[in-house]
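A.B. asks: Predicted model and sequence below, questions to follow.
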Amino acid sequence: MTIHIGAEKGEIAETVLMPGDPYRAKWAAENFLEAPRLVNETRGMLGYTGTWKGHPVTIQGSGMGMPSLSIYANELIGDFGAKTLIRIGSCGGMQDQVAIRDVIIAMTATSLSTPSSGIFKEINFAPCADWSLLKAAVTAAEAKGTPTHVGGIYSSDVFYDERPDLNEQMMRHGILGVEMEAAELYNLAARHSVRALAVLTVSDHLKTGEALPSDQREKSFGDMVEIALEAAFSE
Ligand code: HPA
């Protein structure tokens, strides 16, 4: 047990999928894992462990934003020995060619700051995805026929943005979408020599103002979960 995760040692798998929403962790565990078992409910941040095609997998909510994700990822890596961490979540589309329901696989994540900024100080560290996971996720997405984009995303500190000029610069520099967690996950993975990836579903679009109706979310999010699982166990 740790401060934020009530699971016993051994109840967390080496492979962890991390949606922001704890109820999406429940939904993904119940729909994609065999024999899912609730292993954490501290602060309502649900975590489940089961198997996928015989491989042990934990699906643990991360909460919203990098400070929250950082707490869970630090404990998963440092205390429970997680070796492969894949964020599954939603993002806002930022380019014309990116449509609602498409999947974005993040090679890298730009940010204004992350919980690691305090140690990086003057360094503009470039957080980057694990290549083996990235490659396997792209292969899985192509096999599935899911419209998928691979490139940079923006990990923002705010959902309610008061600086439209920042989003404009991101779009101008080819950033595919905005979310709030991946950059710190990639920082932590680099620091602790583990593998990380973010596979995201476009739930809304900053250019068109479109948003995915809630009744259509499940199918789109299901593709993302399968892509993440196939990537984790491709070797
Ligand atoms: N901004 C930040 N995070 C998000 C968004 C967004 O538009 N959509 C989904 N996650």
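C.D. replies: Perfect, thanks for sending it.

A.B. asks: residue boundaries of the helices in this protein?
C.D. replies: Using DSSP state H, the helices assigned to the chain run over residues 22-32, 66-78, 117-120, 131-144, 164-172, 182-192, 217-232.

A.B. asks: Can you give the contact residues for the last one?
C.D. replies: Outside of helix 217-232, the residues within contact range by Cβ atoms under 8 Å, 6 or more residues apart in numbering are 15, 17, 24, 27-28, 31-32, 52-53, 55, 57, 84, 86, 88, 90, 101, 103, 105, 133-134, 136-137, 140-141, 144, 146, 148, 197, 199-201, 203, 212. To be clear about C-beta, it is placed using only N, CA and C from the backbone, and glycine gets the same treatment.

A.B. asks: Give me the pLDDT value at Glu218.
C.D. replies: Note for Glu218: predicted pLDDT of 73.

A.B. asks: ok, it - how many residues close by?
C.D. replies: By other Cβ atoms under 10 Å, the residues close to Glu218 number 11.

A.B. asks: Of all the residues in this protein, which one is nearest the ligand?
C.D. replies: Gly92 (2.7 Å; Cβ to the nearest ligand atom).

A.B. asks: quick one: that residue and Ile175 touch, right?
C.D. replies: No. The pair Gly92 / Ile175 is not scored as a contact, 10.6 Å apart, by Cβ atoms under 8 Å.

A.B. asks: Grab the most central residue of the chain for me.
C.D. replies: Arg87 (1.8 Å; Cα atoms, centre = their mean).

A.B. asks: and the residue lying closest to that residue once chain neighbours are set aside, how many neighbours does it have?
C.D. replies: Closest residue to Arg87 apart from its sequence neighbours, by Cβ to Cβ, 6 or more residues apart in numbering: Ala198 at 4.1 Å. Per other Cβ under 10 Å, the neighbour tally for Ala198 reads 32.

A.B. asks: mind checking pLDDT for Ala198?
C.D. replies: 99.

A.B. asks: repeat for Glu235
C.D. replies: You'll see Glu235 listed with a pLDDT of 72.

A.B. asks: any idea how far it lies from Thr139?
C.D. replies: 12 Å (Cβ to Cβ, to the nearest Å).
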